[in-house]
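Asker: This is a predicted model, with the sequence first.
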Amino acid sequence: MKKRQLGKSEIYVSEIGLGCMSLPTDQADADNIIQVALENGITYFDTADLYENGENEKIVGNALKSDRQNIILATKVGNRINKSGNSWSWDPSKKWIIEAVHASLKRLQTDYIDVYQLHGGTMEDDVDEVIDTMESLKKEGLIRAYGISSIRPNVIDRFLRKSNAVSVMMQYSLLDRRPEEWLSLLENNSTTLLSRGTLAKGLLTAEGLTRANKTDEYLSYTQQELLEVIKELDALDAPLSSIAQHYVLQQKVTGSIILGASNEKQLLESIKAYKMQVPESILQKASELTKREIYMEHRI
């Protein structure tokens, strides 16, 4: 599997990253999925302290501790779980980030995190404090690089202008092309896109029509529009999952597409789709068939 550089850092990530949020809570089952990922060249693993109230980090840490030097490990911070564990609040303070990074390191059973991401963000945040904290963590060797996971253009723009962020994670797919308006912003700041939601909750897979029939709407697509566009995409001369993956990977700012998998079969199907070549002409046709929308809120 090919790798791509994150920003100007020395970190290279596999073109498919494993989104660990979808992993089973059973350690043995999760181990099997992660082993399939490793055997197929996936080296980028993405989790967050929020997932399963930290249990996901523990599962990932257990599964990857023997391969630590061979993989790129990413997690996120900013959502503070309350004492009851049934809700969380937004806390991007220096005090919380420092407390949270040490807790994540312990759960992940590692001395450092490769990519530490702010898990959201608002214009009310003290962004200078956040960035100073991330830079301090770099100097201490607790993290190698940092980024942000957000779909708010104004938050992303301010963060990139003030920081040395290497990545921005955004939901991006053929059915959600809102980030395209802002890809030049990432490029101009030498920042890499990490794409989540590339398969649009399975709508852009072989099960797309079945899932669309059970979906009332997806973003601005009505159910009827979904059915029509998926049928048209299905008629192209390449598997829909392959088209969906390579559409996002064709963007030069893309570093990795973060794909989730709840079982080995699901992951292997995604890897098989990734390995298939898709002509540029088909990607262009897919682009013509889908909506190019923009974010209506949180604009610069």
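Answerer: Cool, the structure landed. Numbering: from 1, shown residues only.

Asker: so where do the helices sit in the chain?
Answerer: Secondary structure of the chain by DSSP state H: the helices cover 27-39, 55-64, 94-108, 127-140, 153-162, 183-188, 208-213, 223-234, 240-249, 264-275, 280-289.

Asker: Now render these as TSV, adding mean neighbour count and mean pLDDT.
Answerer: Where you see a C-beta, it was placed from the backbone N, CA and C, and this is true even at glycine. TSV is the format used below for the helices of the chain (neighbours: other Cβ atoms under 10 Å; pLDDT from 0 to 100):
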stretch	mean neighbour count	mean pLDDT
helix 27-39	17	98
helix 55-64	21	97
helix 94-108	17	97
helix 127-140	16	98
helix 153-162	18	97
helix 183-188	16	97
helix 208-213	18	95
helix 223-234	17	97
helix 240-249	23	98
helix 264-275	18	97
helix 280-289	15	98
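
Asker: can I get those in a markdown table with distance to Gly78?
Answerer: Formatted as a markdown table, those follow (distance: least, Cβ to Cβ, whole Å):
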| stretch | distance to Gly78 |
| --- | --- |
| helix 27-39 | 24 |
| helix 55-64 | 15 |
| helix 94-108 | 8 |
| helix 127-140 | 9 |
| helix 153-162 | 11 |
| helix 183-188 | 20 |
| helix 208-213 | 31 |
| helix 223-234 | 32 |
| helix 240-249 | 25 |
| helix 264-275 | 28 |
| helix 280-289 | 33 |
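
Asker: Out of the ones you listed, which is closest to Glu297?
Answerer: Set against Glu297 and scored by Cβ to Cβ, the helices of the chain come closest in helix 153-162, at 9.0 Å.

Asker: That closest one vs helix 127-140, what angle?
Answerer: Angle of helix 153-162 versus helix 127-140, following axes from the mean of the first three to the mean of the last three Cα atoms, to 10 degrees, is 50 degrees.

Asker: who touches helix 153-162?
Answerer: 118, 121-123, 125, 127-128, 130-131, 148, 150, 165, 168, 170, 181-182, 185-186, 189, 191, 295, 298-300 (Cβ atoms under 8 Å, 6 or more residues apart in numbering).

Asker: cutoff 7 Å now
Answerer: The contact list for helix 153-162, computed with Cβ atoms under 7 Å, 6 or more residues apart in numbering, reads 121-123, 127-128, 131, 148, 150, 165, 168, 182, 185, 189, 191, 295, 298-300.

Asker: Sort out for me which of these are in strands.
Answerer: By the criterion of DSSP state E, membership of these in strands covers 148, 168.

Asker: Any of the contacts of helix 153-162 buried? List them.
Answerer: Neighbour-count burial within these applies to 121, 127, 131, 148, 150, 165, 168, 182, 185, 189, 191, 298; the criterion is 16 or more other Cβ atoms under 10 Å.
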